[in-house]
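sequence first, then the predicted structure, then my questions.
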Amino acid sequence: MSTDVLTDHQAEHEDHDLHHEKMKGIKRWLYTTNHKDIGTLYLWFSFIMFLTGGALAMVIRMELFQPGLQIVEPDFFNQLTTVHGLIMVFGAIMPAFVGLANWMLPMMIGAPDMALPRLNNWSFWILPFAFAILLSSFFMESGAPNFGWTFYAPLSTTYSNGSTAFFVFAVHIMGISSIMGAINIVVTIMNLRAPGMTYMKMPLFVWTFFITAYLLIAVMPVLAGVVTMVLTDTYFGTSFFSAAGGGDPVMFQHIFWFFGHPEVYIMILPAFGVVSTTIPTFSRKKLFGYSSMVYATSSIALLSFIVWAHHMFTTGMPLAGELFFMYCTMLIAVPTGVKVFNWMATMWRGSLSFETPMLFSIAFVILFTIGGFSGLMLAMTPVDFQYHDTYFVVAHFHYVLVTGSLFSIYAGAYYWLPKWTGHMFNDTLSKWHFWCSLISVNVLFFPMHFLGLAGMPRRIPDYALQFADFNKIVSIGGFAFGLSQLIFLVIVIKCIRGGEKAPAKPWDGAEGLEWTVPSPAPYHTFSTPPKID
């Protein structure tokens, strides 16, 4: 891009900013096309959804505190698990990462704004409506969707309650939002990089979002297709998934998991980008093996398309199919191992300091690795027959998504809060938030491995007496973890309202290292710390 074009863009961007300053109150947030405002909206929305989904999870853990039915009916329990899953995946984790991308990506590549600002505004503002539709189904006569967040047919077709159409409509809107956001990220990275910023000079944070956006564009239409087939099977007499009409319920699983497995990586690849930004900063070293990290991330994304049926080992596929999916799944451990090695090598002999973003990042590396190891166990076909549909699976994906995705979001939020608000956050409170979250999350999810190995099935409101003690411990961990997140809310509100003024380089000197470091090319990048002689 020529310098003249860039100057025009910057002038246009300044006009935008002046226009936004004139708009006050709610109007400013409704009409904003400013990437920072939209990033802020995404982050607040995802946090509200996180607390909502967490509230549902706490009701689930209250029910499972002891054997027998206590506070909710089995059908309502199924509604809670379904909506909890959908909210956490589509309402909390994904929008939080899109919020981080909106805020930081244009600045990291030297762009004046996102490439398609109006589309950016629209892709956010349709989200609250999607979740309003989903949550409103709790207040309908038929109740919320009760077939699990994976909505397997025939549970979601023949045996579903009356809210299936609302669920399908909500999922379509979420999908449209994701596709528009992803297109925006790809177009911005490809067209608005500053002069001199080649692809292999982009910060790793940018790379991970670039790859994630391609994954979203590839798989969200598949989800749209499968929910439409569920809709027509339920209301229009088709038989895509009904054996009685010549369809196949197992085909549903193939289509769903062809979306569902890349979706898992959509929620973890951006986390890799955040951690690859924070760890070098607080280690005072350049990221070890930059190009290998780029190739590893790309490999993970490509492999994610050919492993979907490892969710389906118990459906009776041919032995050759089971072997293929088992080996491909195990292969993903290789690029993931490269990434973990590189983060450890970055910290090795670095001048480490342990501010809150670094604490969350280190916890991410260790606990995400535990999630990776349990994933490797689930990848083995013969063993998966025992683990399948038990609490071992619940433990595995929560280690990946809570101590993985969520902890990285916290690392990024603490890292950039001074940049976003102009104030430093309360260090003592943030350390309390970290340690309370770290301890309680392990009390919550680690015993689930043993429950699963002992054979406790997932998604049930009642269980045999031998699982009672561990479930009590798990529930106590769940309540503690849920309440710990309120500390973060207090920290953010205090940080926005005031506090110690953030210096130009908040992580500089003894306390850390700056974000913005001049580099040889005519642009600044947020994630390349200078060389320390």
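Looks like it arrived, so ask away.

burial count for the nearest residue to G289 once chain neighbours are set aside?
Once flanking residues are discounted, G289 sits nearest to N342: 4.5 Å by C-beta to C-beta, 6 or more residues apart in numbering. Any C-beta I mention is one placed from the backbone N, CA and C, and that applies to glycine too. Using other C-beta atoms under 10 Å, the number of residues around N342 comes to 21.

so what does S242 look like in phi/psi?
When read as degrees, to the nearest 10, the backbone of S242 gives phi -110, psi 120.

that one: neighbour count?
Using other C-beta under 10 Å: S242 sits among 17 other residues.

ok, back up a step: is it true that the residue nearest to G289 touches L287?
Yes. In this structure, N342 is within contact of L287 by C-beta atoms under 8 Å, at 7.0 Å.

so what's in contact with these two at the same time?
Residues within reach of N342 and of L287 at once, by C-beta atoms under 8 Å, 6 or more residues apart in numbering, are M293.

pLDDT at L438, what is it?
Each residue has a pLDDT score; the one for L438 is 98.

in what helix or strand does the nearest residue to it once chain neighbours are set aside lie?
Leaving aside its chain neighbours, L438 sits nearest to A363 (5.5 Å; criterion: C-beta to C-beta, 6+ apart). According to DSSP states H and E, A363 maps onto helix 356-379.

average model confidence for the next helix or strand after that helix?
Sequence-wise, the next helix or strand downstream of helix 356-379 (DSSP H and E) is helix 381-387. Mean pLDDT, helix 381-387: 96.

use 13 as the first number from now on
Let's use 13 as the start, then, which means that last one is helix 393-399.

surely the residue nearest to G301 is in a helix?
Yes. Counting by DSSP: H, G, I helix; E, B strand; the rest coil, N354 is located in a helix.

could you check how far S442 is from P330?
Distance of S442 to P330, given as C-beta to C-beta, to the nearest Å: 52 Å.

more neighbours: those two, which one.
S442 (24 against 8).

picking that back up, from the contact counts, what lies against the helix holding A375?
In this structure, helix 368-391 packs against helix 281-295, helix 331-343, helix 345-359, helix 393-399, helix 403-412, helix 419-433, helix 439-465, with contacts taken as 3 or more C-beta pairs under 8 Å, 6 or more residues apart in numbering; DSSP states H and E.

quick check: which of those is nearest to K36?
For the helices and strands packed on helix 368-391, proximity to K36 was assessed by C-beta to C-beta; helix 419-433 is nearest, at 19.6 Å.

gap between the two ends of stretch 156-171?
13 Å (C-alpha to C-alpha, to the nearest Å).

and L413, how many neighbours does it have?
21.

okay, and the helix or strand of the chain with the least pLDDT?
strand 529-530 (a mean of 38; mean pLDDT, DSSP states H and E).

now do the same contact list for W219.
With C-beta under 8 Å, 6+ apart, W219 has these contacts: 285, 305-306, 309.

who wins on neighbours among these?
G285 (28 neighbours).

I figured that residue was touching V218, is that so?
Yes. Taking C-beta under 8 Å as the definition, G285 is a contact partner of V218 at 7.4 Å.

quick one: low-confidence ranges for the stretch 163-312 of the chain?
Judged against pLDDT under 70, the stretch 163-312 of the chain has no low-scoring part.

hmm, back to that, what residues are up against the residue nearest to G301?
299-301, 304-305, 308.

pick the one among these closest to M241.
A308 (35.0 Å).

okay, and that closest one sits in which element?
Counting by DSSP H and E, A308 is part of helix 302-315.

per-residue pLDDT, the residue nearest to L450?
Note for A375: predicted pLDDT of 98.

what is the neighbour count of it?
The number of residues near A375, taken as other C-beta under 10 Å, comes to 21.

kindly report the same for the one 3 residues further on.
By the criterion of other C-beta under 10 Å, I378 has 11 neighbours.

P207 now?
P207: 13 surrounding residues under other C-beta under 10 Å.

what's the spacing between it and D439?
Distance check for P207 against D439: by C-beta to C-beta, it reads 39 Å.

next one: S487
Distance from S487 to D439, by C-beta to C-beta: 31 Å.

which one's more surrounded, the two?
Taking neighbours as other C-beta under 10 Å, S487 and D439 compare with S487 leading, 20 against 14.

wait, what's in contact with the more buried one?
Contacts of S487 by C-beta under 8 Å, 6+ apart are 73-74, 76-77.

now, which of those residues sits nearest V110?
Looking across these and measuring by C-beta to C-beta, the closest to V110 is R73, at 28.5 Å.

and the helix or strand harbouring the closest one, what does it pack onto?
Counting by DSSP H and E, the element that carries R73 is helix 47-75. Packing contacts for helix 47-75, counted by 3+ C-beta pairs under 8 Å, 6+ apart, involve helix 37-43, helix 86-98, helix 106-121, helix 129-137, helix 139-148, helix 419-433, helix 480-509.

got those as a markdown table, with distance to L227 columns?
A markdown table is the format used below for these (distance: least, C-beta to C-beta, whole Å):
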| stretch | distance to L227 |
| --- | --- |
| helix 37-43 | 29 |
| helix 86-98 | 19 |
| helix 106-121 | 11 |
| helix 129-137 | 16 |
| helix 139-148 | 19 |
| helix 419-433 | 17 |
| helix 480-509 | 28 |
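
now tabulate the ones you listed in a markdown table and tack on mean pLDDT.
Conversion of the helices and strands packed on helix 47-75 to a markdown table gives the following (pLDDT from 0 to 100):
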| stretch | mean pLDDT |
| --- | --- |
| helix 37-43 | 91 |
| helix 86-98 | 97 |
| helix 106-121 | 97 |
| helix 129-137 | 97 |
| helix 139-148 | 97 |
| helix 419-433 | 97 |
| helix 480-509 | 97 |
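
and the ones you listed, which is most packed in?
Most buried of the helices and strands packed on helix 47-75, by mean neighbour count (mean count of other C-beta atoms under 10 Å): helix 106-121, with a mean of 26.

next secondary structure after the lengthiest helix in the chain?
Ranked by number of residues, the top helix in the chain under DSSP state H is helix 216-247. Next in sequence after helix 216-247, counting helices and strands by DSSP H and E, comes helix 261-278.

which neighbouring elements make contact with that following helix?
Helix 261-278 packs on helix 216-247, helix 302-315, going by 3+ C-beta pairs under 8 Å, 6+ apart.

out of these, flag the one nearest A123.
helix 216-247 (10.3 Å).

what residues of the closest one count as buried?
Neighbour-count burial for helix 216-247 flags 216-228, 230-232, 234-236, 238-239, 241-243, 245-246 (criterion: 16 or more other C-beta atoms under 10 Å).

so of the helices and strands packed on helix 368-391, which one's packed in deepest?
Most buried among the helices and strands packed on helix 368-391, counting by mean count of other C-beta under 10 Å: helix 281-295, with a mean of 27.
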